[in-house]
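Following is a predicted model, sequence given first.
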Amino acid sequence: MSGFWALCILLAAPLDDGSAPRPPVPDSLAIPESLTRLLGAQPEFRAQHLGYLRSLAGRPDLAESETGWWEASRAPALRAVAARFDEALAGNATAQLRFDAFYRAMSEAPALRKAVEHVIRTEMDQARHRPELAPALQYLRANPDIALRFLKDPRGLRPLPEALTPAYDTFVRERDWTRALFEAYDALAQSPGVHQAIFPWWRALAELVDGGGGAQSNLDARLYRQPSQYWLWHLRNLNLVENEQAAPWIRYWQRLIQRDGELAREYGPFITRLLENPEQLRQHLADLVDSAPDDVTGPWPPPGDPPELPPLKVDDPIGEIRRRVERPRIERPERPSVERPARPQGPNRPKRPTPPQRPGLDRD
């Protein structure tokens, strides 16, 4: 992303203490009213906003993946399902640990990452065009032993698990793809660390979706239909896990933002514009420091874990729209009553004349 190295040099220098005039900012940047309102009502959140920006400024790779994901999640449908997934993860400590272990293992072992991504790419070859495959693929990931038997010969697995039944014909018909997926699973199953970090998360993901998270929190299934969005999300998680101390606080700040629908829409584009102009970012950071109490401008992330947040209730945006938009009622004009003219009576038929009586003959 252009400007990042200049940004890092600028951020390495100390912020102004007010003794020297600040250089003029080329273009004024409007701060979203939703952010101003949040920081005004909750001044302690200023530390999260400030710390998040400084963290991005010092880590170009993280900044690039964060802004890429913010941009993608501007779409309401994707933002909603991502919020559901994130909140379901936040409410399940075991799932969160396995999720982090999954990405940490790939971050530390490039060969393992390559094997996992090969499985995902192979799945996407069909799944991006066939959304009905998502439950079957999720079942196979959560049950790798069954996956290897089924993918080697779908007809040989009996009884057939219920999750595989709707997609069975596709696996039988698309033999080249099924064989390629078997080979990808077989290679992954032989990779060191897969049973400690990869398969446990895939099992936890299935439980998360089938349990409290619900099908609407199945972010994988949603992202499989848009591979470019999946890889943005995937890269973001890899970069987050490499910043182990900051990651929980970045997620905490994101969850705070999710609780304000207007801010959730506006924050990503605002951050993106800031990072594209290092001088504007520096000016914004200086303004935050000037207007913040001394106790919120210290090092970030703070020691310890972030506070717990109450669960977020995320409505289905499509359902919400359907509830709000009523089918328009068309007032149809009453059909005018047409008085039909009486059927004309036909002319009276002339009566047949009575024949004259023949005069009788008088006989003497």
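Thanks, I have the structure now. Numbering: from 1, shown residues only.

what's near enough to touch P144?
Y185, A189, F199, W202 (CB atoms under 8 Å, 6 or more residues apart in numbering). Every residue, glycine included, has its C-beta placed from N, CA and C.

Is there a quick PyMOL command that grabs whichever of those are buried?
In PyMOL syntax, the buried subset of the contacts of P144 is picked out as below (16 or more other CB atoms under 10 Å):
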select buried, resi 185+189+199+202
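
and the helix or strand containing E64, what does it pack onto?
Under the criterion of DSSP states H and E, E64 resides in helix 60-72. Applying 3 or more CB pairs under 8 Å, 6 or more residues apart in numbering; DSSP states H and E, we find helix 60-72 packed against helix 4-12, helix 45-58, helix 227-241, helix 261-276.

Residues contacting it, please?
By CB under 8 Å, 6+ apart, the surrounding residues in contact with helix 60-72 are 1, 4-5, 7-8, 55-57, 78, 228-229, 232-233, 235-236, 238-240, 242-243, 250, 267-269, 271-272, 275.

Take the contacts of P144 and keep only those in strands.
The members of the contacts of P144 all map outside strands under DSSP state E.

Just the ones of the contacts of P144 in helices?
Y185, A189, F199, W202 (DSSP state H).

And those, which is closest to Y139?
Among the ones in helices among the contacts of P144, W202 lies closest to Y139 (CB to CB), at 9.9 Å.

okay but the closest one is in contact with A147, surely?
No: if you go by CB atoms under 8 Å, W202 and A147 don't touch, sitting 9.9 Å apart.

residues contacting Q196?
Shown in contact with Q196 (CB under 8 Å, 6+ apart): A101, A105.

same question, S73
For S73, the contacting residues are R79, A82, G268, by CB under 8 Å, 6+ apart.

can I get these in TSV with pLDDT and neighbour count?
Output for the contacts of S73, formatted as TSV (pLDDT from 0 to 100; neighbours: other CB atoms under 10 Å):
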residue	pLDDT	neighbour count
R79	87	20
A82	90	23
G268	87	21
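
Which of those sits closest to L219?
Nearest to L219, judged by CB to CB, of the contacts of S73 is A82 at 5.9 Å.

quick one: secondary structure of the closest one?
helix (DSSP: H, G, I helix; E, B strand; the rest coil).

for F85, same thing?
Quick answer, by three-state DSSP: F85 is helix.

Tell me the spacing between it and L62.
20 Å (CB to CB, to the nearest Å).

Greatest separation within the contacts of P144: which pair is it?
Farthest-apart pair in the contacts of P144 is A189 and W202; separation 12.1 Å (CB to CB).

about what we covered before: so for W202 and A147, which residues contact both of them?
Common neighbours of W202 and A147 (criterion: CB under 8 Å, 6+ apart): R141.

follow-up on the earlier one: mind putting the ones in helices among the contacts of P144 in CSV, distance to A136 and pLDDT included?
Shown next, in CSV, are the ones in helices among the contacts of P144 (distance: CB to CB, whole Å; pLDDT from 0 to 100):
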residue, distance to A136, pLDDT
Y185, 13, 98
A189, 18, 97
F199, 17, 97
W202, 13, 96
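
Run a quick neighbour tally on G156.
G156: 8 surrounding residues under other CB atoms under 10 Å.

Quick one: residues contacting it.
R149.

so how far is Y230 from it?
Taking CB to CB, one finds G156 at 31 Å from Y230.

What residues does L238 make contact with?
S65, Y103, M106, S107, R113.

Please list the members of those that lie in helices.
Using DSSP H, the subset of the contacts of L238 located in helices is S65, Y103, M106, S107, R113.

ok, the closest residue to V119 other than its chain neighbours to A115 distance?
Counting by CB to CB, 6 or more residues apart in numbering, A184 is the residue found nearest to V119 once chain neighbours are left out, at 4.5 Å. A184 is 8 Å from A115, where distance means CB to CB.

Kindly report the same for A147.
14 Å.

can I assume L164 is in contact with A136?
Yes: look at L164 against A136 with CB under 8 Å: they come within range, at 5.1 Å.

so what's in contact with these two at the same time?
F171.

And these two? Which one has more around it.
When neighbours are counted by other CB under 10 Å, L164 and A136 differ, and A136 comes out ahead with 23 against 20.

Now do the contacts for the nearest residue to the more buried one once chain neighbours are set aside.
Leaving aside its sequence neighbours, A136 sits nearest to A167 (CB to CB, 6+ apart; 3.8 Å). Counting by CB under 8 Å, 6+ apart, A167 touches R130, E132, L133, P135, A136.

repeat for L205
Residues near L205 by CB under 8 Å, 6+ apart: A95, Q138, R141, A142, D220.

So V81 versus Q229, what's the distance?
V81 is 11 Å from Q229, by CB to CB.

neighbour count winner among those two?
Legend: neighbour count by other CB under 10 Å for V81 and Q229, higher for V81 (23 against 20).

ok, back up a step: spatially, which two of the contacts of A167 are the most separated?
R130 and P135 (11.4 Å).
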